[in-house]
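Enquirer: sequence and predicted structure, then a few things I'm wondering about:
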Amino acid sequence: DAGVTQSPTHLIKTRGQQVTLRCSPKSGHDTVSWYQQALGQGPQFIFQYYEEEERQRGNFPDRFSGHQFPNYSSELNVNALLLGDSALYLCASSFTASLTYGYTFGSGTRLTVV
Amino acid sequence: DAKTTQPPSMDCAEGRAANLPCNHSTISGNEYVYWYRQIHSQGPQYIIHGLKNNETNEMASLIITEDRKSSTLILPHATLRDTAVYYCIVRVEHGSGNTGKLIFGQGTTLQVKP
């Protein structure tokens, strides 16, 4: 049973460019959350998607946007990249209907902005 | 903001029990406590979670105080492979559905020594 799959694993972009990161949730999961983890810090919540809608959002600017597809996969888009956007981007999936649900994380995408 | 506080680092001898404390004095009645660990900037790995009762699985035990203001993660026989950053997390609920989000703190770096 495949867990959460993220692509690409590594990415280098130039300031001002745009980037799209992709996430396939664990089989049976219907909710996807995105996190940003700067070096030496804990992951920070970006936003969460359920039923193809953004359900809640952390303290991130509008340059960060996302999408969820009918097959529950998700994309994270970042526009006008800044050096400070360099981080490990993590995707986590869960099954919303479970009252004691857990979250499964992918291995992340390492984004470097130069 | 994170709802948990943890010591920044701890050491444990190989083969001994590792007891990792966590304070969550502002936790609400319906908020679960989760523990994850992260090795070498891989994706966080689920360990255990609970609401108010003590929990045990094949990896660890979770002891939650009666007032729910603190908890302890116990790794019964620590090995060198248990060296990692351990995050104690409160799942913050959103709305009436099960669409909570994990708010990470800085975590505890556990070093298991031979």
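Expert: Received, thanks. Numbering: from 1, shown residues only, chains lettered A, B, ... in the order given.

Enquirer: the strands in chain A, which residues?
Expert: For chain A, the strands defined by DSSP state E cover A:5-7, A:10-13, A:19-24, A:31-37, A:44-50, A:53-57, A:64-68, A:74-78, A:87-94, A:104-105, A:109-113.

Enquirer: adjacent strands (with direction) for the fourth one?
Expert: In this case it means strand A:31-37. Its sheet considered, strand A:31-37 pairs with strand A:44-50 (antiparallel), strand A:87-94 (antiparallel) by DSSP bridges.

Enquirer: tell me which of those is the most buried.
Expert: Burial of those is given as mean neighbour count (mean count of other Cβ atoms under 10 Å in any protein chain shown); strand A:87-94 ranks first at a mean of 25. Where C-beta positions appear, they are placed from N, C-alpha and C, glycine not excepted.

Enquirer: so in chain B, where's the weakest helix or strand by average pLDDT?
Expert: Within chain B, no helix or strand scores below strand B:101-103, which has a mean of 85 by mean pLDDT, DSSP states H and E.

Enquirer: the following helix or strand past it vs chain A: in contact?
Expert: Beyond strand B:101-103 on the C-terminal side, the first helix or strand identified by DSSP states H and E is strand B:108-113. No: using Cβ under 8 Å from any Cβ of the partner chain, strand B:108-113 stays clear of chain A, with a minimum separation of 10.3 Å.

Enquirer: quick one: mean pLDDT over strand B:108-113.
Expert: Mean pLDDT, strand B:108-113: 97.

Enquirer: restricting to C-alpha, output that strand in CSV.
Expert: Extracted in CSV, the C-alpha atoms of strand B:108-113 (Å, rounded to 0.1, in the frame of the first residue of the first chain):
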residue,chain,number,x,y,z
THR,B,108,12.9,17.5,21.3
THR,B,109,16.1,16.2,19.7
LEU,B,110,16.6,12.8,21.3
GLN,B,111,20.2,11.4,21.1
VAL,B,112,20.4,7.7,21.9
LYS,B,113,24.0,6.8,22.9
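
Enquirer: pairing partners for that strand, with directions?
Expert: With DSSP bridges as the test, strand B:108-113 is paired with strand B:9-13 (parallel), strand B:84-92 (antiparallel).

Enquirer: wait, what's in contact with the closest residue in space to A:Glu54 that isn't next to it in sequence?
Expert: Take A:Glu54 and drop its neighbours on the chain: the residue closest to it by Cβ to Cβ, 6 or more residues apart in numbering or on different chains is A:Phe47, 5.4 Å away. By Cβ atoms under 8 Å, 6 or more residues apart in numbering or on different chains, the residues touching A:Phe47 are A:33-34, A:54-58, A:60, A:64, A:66.
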